[in-house]
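Trainee: dropping a prediction and its sequence here:
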Amino acid sequence: MTRMLALLLLASAVEAGADASRHAPELVTDEALVRADEFGADWLMYSRNYSGHRFSPLDQVDTGNVDDLVPQWAFSLGALGAQESTPVVHRGVMYVTSNAAALHAIAADTGELLWSFDSEPPADVDDFTSTSVNRGAAIYKDRVIWNNLVGTIYCHDARTGDVIWRVTPDYFRLGYSKTQAPLIVKGMVITGTTGGEHGVRGFLEALDAETGERVWKTYTIPAPGEPGHETWPQDSDAWEHGGAPTWISGAFDPELDLIYWTTGNGGPWSSEQRSGDNLYTCSVVAFDTDTGAIRWHYQFVPNDDWDYDANVTPVLTQIDHEGESTPVIALAIKTGFLYVLDRRNGRFLKAVKFSTTPSPPFWATGLDPETGRPIESPHARPSSPQDSVVVSPSAAGAANWFSTAFHPERQLMIIVANETQNHRFWTPTEYVPGEFFIADNDEMLEDEGMFQTVGEFPGRVCAYDLRTMTKRWEASPELDVRWGGPLATAGDLVFSGTLRGTLQALDADDGETLWEFQTGSGIMAHPITYSVDGKQYVVIVSGLGFITNPGFEDLIADVKNHNGGGMVFAFALP
C-alpha cells in the first residue's frame with residue numbers, strides 16, 4: 001500500500017456529531033462541506049468553514065502547554081517572495097499553493113512530498129498583475145481545485161495530481177487574474193478576479209466542479225439598464241473599467257442559500273473621473289447561489305477615492321440585537337471600521353472604529369448611525385488637480401485581505417490592524433488596456449516615503465466583542481505593520497505571524513504573548529491547525545515579498561528578515 005493511499009484511508013467511518021479528532025469522509029461532498037465544523041481533524045476550506053470563522057475545535061495545544069510547541073517538519077515551496085497561501089488538509093494530506101503558480105500535496109504529519117504540479121504560466125504574467133501571490137486551493141470529493149495567477153482553474157485527482165480538467169481565460173493581458181482560493185458551494189467552483197489597478201470590470205463566476213463548465217457569471221459593476229448603473233457617470237464608458245474586483249474568498253449561508261462576496265476599489269483611484277457612488281465597488285454583495293443574481297448589497301465606501309477595498313472574508317454568526325436573535329455578517333475592513341449587518345437583507349446594524357488614528361488624518365469623522373454611511377473628513381480628498389493631502393488609512397488599509405478570526409464561544413472578532421497613512425493625489429488618467437489604471441503619475445507609488453506609519457507601533461492584533469462592540473484586548477504592538485491573518489482555537493489561543501518572521505501564540509483571554517518561533521522570513525499568511533492520528537499540528541507558510549518594494553520602506557522599518565522565504569513549518573507538542 002502506498003503512503004498516499006494509506007493516508008487517504010484514515011478513519012474509514014465518520015459518525016454524526018462534532019468531534020475534534022474526527023476526519024471528514026473520503027469523498028468531501030457538499031454535505032461534508034456544510035458540516036465542516038464537525039471534522040476537527042481537517043481544514044477543509046480556506047476559512048475552515050463556510051462562515052469564515054478560522055476557528056478550530058482542537059484543544060490539545062492550549063494556554064497551559066503552548067510554550068512546549070516544537071518544530072515537527074519543514075517543507076520548501078521552491079519559490080521566493082510573498083507567500084499568502086492557506087493550506088487545506090483532508091485525512092492526513094495537505095494541499096498548499098505557492099506564489100510560483102505550483103500546487104503541492106504533502107503528508108501532513110511528516111512533510112513528505114506526495115506529488116507536485118507546476119502550472120508554468122507565461123513568462124510575461126507579472127507584467128499584467130499588481131501582486132504575484134496565491135492564497136490556496138479547495139477540496140471537493142476526491143479532487144483538488146485551484147487557480148493560478150493567469151486565471152487558469154485546475155481540477156486534479158487528489159491522489160495522483162493528474163489534471164482532470166482545466167479552464168483558461170483569454171483576458172489576463174487586460175489585467176484580469178486570480179489570486180484567491182476558490183470556494184466550493186453546491187457542486188460549483190466559486191471564484192472571482194483581481195485587477196482593480198488595471199481597469200477591469202469585476203465579476204464573480206460559478207463553474208461546475210465536475211466539468212469546469214460555467215454555470216453563471218455576475219458582474220460587480222452594473223451595465224446600462226441594470227440596477228445600480230445610475231451610480232456611474234451616464235453617457236460614459238467609466239463603468240466598463242471601473243474596478244470592483246473580487247479577489248478574496250467569500251462565505252456561504254446554506255439556510256438562506258446566499259453567497260457573500262466582497263468587492264474592491266474603483267478605477268482609477270482618482271474618483272473625480274467617476275462621479276456617483278459607483279456600485280458595487282467597496283461593498284459586500286449577497287448572490288443567489290443557483291443563479292448568481294444579486295439579492296442585496298451594502299456599500300462601505302461610496303465613490304472610493306483611496307483604494308479602500310472591502311476585500312475580506314466575511315464572518316457569519318448569530319448575535320442578540322435589540323432583544324432578537326439575529327443572523328449577522330461582520331467585517332473589519334481597510335477603512336478602519338468593524339461593521340455588523342443583518343445578513344438576510346444587508347441592513348446596517350452597528351459599527352465601531354478599530355483604528356486608533358484620529359481625524360485628521362483619519363479619512364472619516366464617523367458613520368451615520370442609521371445607515372452606516374461614512375461621514376468624510378473635509379481633509380480626506382484633494383481640492384484640485386495635482387493637489388496632495390495626507391490621509392489615513394493608507395492604501396495598505398487599517399485592515400486588509402488577511403481576514404479576521406472569530407472565536408464563537410467568546411464572540412470575539414480577532415482583527416489584525418495597522419495604523420498607516422499616505423499621500424493622496426488628484427491625478428486624472430486615461431484607460432489603456434492592460435496597463436496600470438491608477439493615476440498619470442503611477443511612479444508616486446515608488447516614491448520614498450509614499451506610505452508611512454502612524455505612531456511608534458503601527459502593527460496590532462486586537463479582539464472586539466461583537467455583542468458590545470468593545471475592544472476586549474490588544475496584543476503587544478509591532479514596530480512594523482503586520483500582513484498575516486489570525487487563527488483562533490478551542491485551546492483559547494490566537495496564532496498570528498509578523499513581518500519580523502515570528503509565529504506568535506496569544507492568549508485569547510487577554511492577548512498576552514505565550515510563545516514565539518522565528519521562521520527566518522516575514523509571515524504574510526494565515527496559520528492553520530489540524531490533527532493526524534490524534535496529534536494536533538499548527539502550520540504556517542512563511543515568505544516575505546512585495547511589501548519590501550520601493551515606497552513601502554517605512555511600513556517595515558524594523559524588519560531584519562528581508563530575505564524571501566517559501567517554507568511551510570509544522571509544530572506540535574513533543
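Mentor: Okay, I see it.
Trainee: quick check: the closest residue to residue 312 other than its chain neighbours vs residue 235, distance?
Mentor: Nearest residue to residue 312, sequence neighbours excluded (C-beta to C-beta, 6 or more residues apart in numbering): residue 403, at 4.4 Å. (C-beta placed from N, C-alpha, C; glycine too.) Using C-beta to C-beta, to the nearest Å, one gets 39 Å for the distance from residue 403 to residue 235.
Trainee: and the helices in the chain?
Mentor: Counting by DSSP state H, the chain has helices at residues 3-8, 30-34.
Trainee: those helices: lowest mean pLDDT?
Mentor: Mean pLDDT per stretch puts helix 3-8 lowest among those, at a mean of 45.
Trainee: ok, back up a step: which of residue 403 and residue 235 has more residues huddled nearby?
Mentor: The neighbour count for residue 403 versus residue 235, taken as other C-beta atoms under 10 Å, is higher for residue 403 (30 against 5).
Trainee: where does that one fall, phi/psi-wise?
Mentor: phi -70, psi 170 (degrees, to the nearest 10).
Trainee: so it is in contact with residue 48, correct?
Mentor: No: counting by C-beta atoms under 8 Å, residue 403 does not reach residue 48; the two are 11.6 Å apart.
Trainee: now the common contact residues for those two.
Mentor: residue 54 (C-beta atoms under 8 Å, 6 or more residues apart in numbering).
Trainee: what sits against the closest residue to residue 218 other than its chain neighbours?
Mentor: Spatial nearest neighbour of residue 218, chain neighbours left out: residue 292 (4.0 Å); criterion: C-beta to C-beta, 6+ apart. The contact partners of residue 292, taken as C-beta under 8 Å, 6+ apart, are 204-206, 215-218.
Trainee: check the gap between the closest residue to residue 98 other than its chain neighbours and residue 523 for me.
Mentor: Closest residue to residue 98 apart from its sequence neighbours, by C-beta to C-beta, 6+ apart: residue 77 at 4.0 Å. Distance from residue 77 to residue 523, counting by C-beta to C-beta: 14 Å.
Trainee: between the two, who's got more neighbours?
Mentor: Set residue 77 next to residue 523 and count neighbours by other C-beta under 10 Å: residue 523 wins out with 30 against 23.
Trainee: pretty sure the more buried one is touching residue 542, no?
Mentor: Yes: at 5.3 Å, residue 523 and residue 542 qualify as touching, with contact defined as C-beta under 8 Å.
Trainee: what residues do these two have in common as contacts?
Mentor: Counting by C-beta under 8 Å, 6+ apart, the residues touching both residue 523 and residue 542 are 497, 501, 503.
Trainee: now, which of those lie within strands?
Mentor: Among those, DSSP state E puts 497, 503 in strands.
Trainee: who's in contact with residue 154?
Mentor: 103, 117, 119, 145-148, 163, 165-166.
Trainee: at 7 Å what do you get?
Mentor: Contact analysis of residue 154 by C-beta atoms under 7 Å, 6 or more residues apart in numbering lists 119, 145-146, 163, 166.
Trainee: could you identify the most distant pair in these?
Mentor: 119 and 145 (12.8 Å; C-beta to C-beta).
Trainee: who has more neighbours out of these two?
Mentor: residue 145 (27 against 20).
Trainee: just to revisit the earlier point, out of the shared contacts of residue 523 and residue 542, which is nearest to residue 316?
Mentor: The closest of those to residue 316 turns out to be residue 497 (C-beta to C-beta; 24.9 Å).
Trainee: quick one: contacts for the closest one?
Mentor: Contacts of residue 497 (C-beta under 7 Å, 6+ apart): 484, 503, 523, 525, 527, 540.
Trainee: grab the nearest non-local neighbour of the third one.
Mentor: So the one you mean is residue 523. residue 497 (2.7 Å).
Trainee: so for that neighbour, what's the pLDDT?
Mentor: Taking residue 497 on its own, its pLDDT is 97.
Trainee: residues contacting stretch 462-475, please?
Mentor: 317, 319-320, 330, 338, 340, 350, 352, 354, 411-415, 417, 460-461, 506, 510-511, 513.
Trainee: list the buried residues for that stretch?
Mentor: 462-466, 469, 472-475 (16 or more other C-beta atoms under 10 Å).
Trainee: for those residues, which one is nearest residue 361?
Mentor: residue 462 (20.3 Å).
Trainee: relative to residue 477, how far out is the closest one?
Mentor: Distance from residue 462 to residue 477, by C-beta to C-beta: 9 Å.
Trainee: residue 57 is in contact with residue 40, correct?
Mentor: Yes: between residue 40 and residue 57 there is a contact under C-beta atoms under 7 Å: 4.3 Å.
Trainee: measure stretch 352-366 end to end?
Mentor: Taking C-alpha to C-alpha, to the nearest Å, stretch 352-366 runs 9 Å from one end to the other.
Trainee: just to check, residue 313 is in contact with residue 252?
Mentor: No: at 10.8 Å, residue 313 and residue 252 do not qualify as touching, with contact defined as C-beta under 7 Å.
Trainee: the closest residue to residue 287 other than its chain neighbours: neighbour count?
Mentor: Distances taken as C-beta to C-beta, 6+ apart put residue 259 closest to residue 287, at 4.5 Å, once the chain neighbours are dropped. Using other C-beta under 10 Å, residue 259 has 25 other residues around it.
Trainee: look up how far residue 264 lies from the residue positioned nearest the centre of the chain.
Mentor: Central residue of the chain (C-alpha atoms, centre = their mean): residue 401, 3.9 Å from the mean position. Distance of residue 401 to residue 264, given as C-beta to C-beta: 10 Å.
Trainee: what do these two both touch?
Mentor: In contact with both residue 401 and residue 264: residue 311, using C-beta under 7 Å, 6+ apart.
Trainee: what pLDDT does the closest residue to residue 208 other than its chain neighbours get?
Mentor: Of all residues not flanking residue 208 in the chain, residue 215 sits nearest, at 5.7 Å (C-beta to C-beta, 6+ apart). You'll see residue 215 listed with a pLDDT of 98.
Trainee: quick one: residue 69 and residue 570 touch, right?
Mentor: No: counting by C-beta under 7 Å, residue 69 does not reach residue 570; the two are 10.3 Å apart.
Trainee: you'd agree residue 135 is up against residue 83?
Mentor: No: using C-beta under 7 Å, residue 135 is not in contact with residue 83, being 9.7 Å away.
Trainee: more neighbours: these two, which one.
Mentor: residue 83 (32 against 25).
Trainee: that one and residue 54, how far apart?
Mentor: For residue 83, the distance to residue 54 - C-beta to C-beta - is 18 Å.
Trainee: ok, now residue 183?
Mentor: Counting by C-beta to C-beta, the gap from residue 183 to residue 54 is 14 Å.
Trainee: neighbour count for the two, which is higher?
Mentor: residue 54 (29 against 25).
Trainee: and that one, how close does it get to residue 115?
Mentor: 27 Å.
Trainee: among the contacts of residue 497, which are in strands?
Mentor: 503, 540.
Trainee: rewinding a little: ok, the residue nearest to residue 218 to residue 30 distance?
Mentor: 18 Å.
Trainee: now do residue 236
Mentor: Distance from residue 236 to residue 30, by C-beta to C-beta: 43 Å.
Trainee: so which of these two has more stuff around it?
Mentor: residue 30 (16 against 12).
Trainee: let me see the contact set for the more buried one.
Mentor: By C-beta under 7 Å, 6+ apart, residue 30 lies in contact with 186-187.
Trainee: quick revisit: just among the contacts of residue 497, which is most surrounded?
Mentor: residue 523 leads those on contacts (other C-beta under 10 Å) with 30 neighbours.
Trainee: hmm, it is touching residue 543, no?
Mentor: No: here residue 523 does not reach residue 543: they are 8.0 Å apart, not a contact under C-beta under 7 Å.
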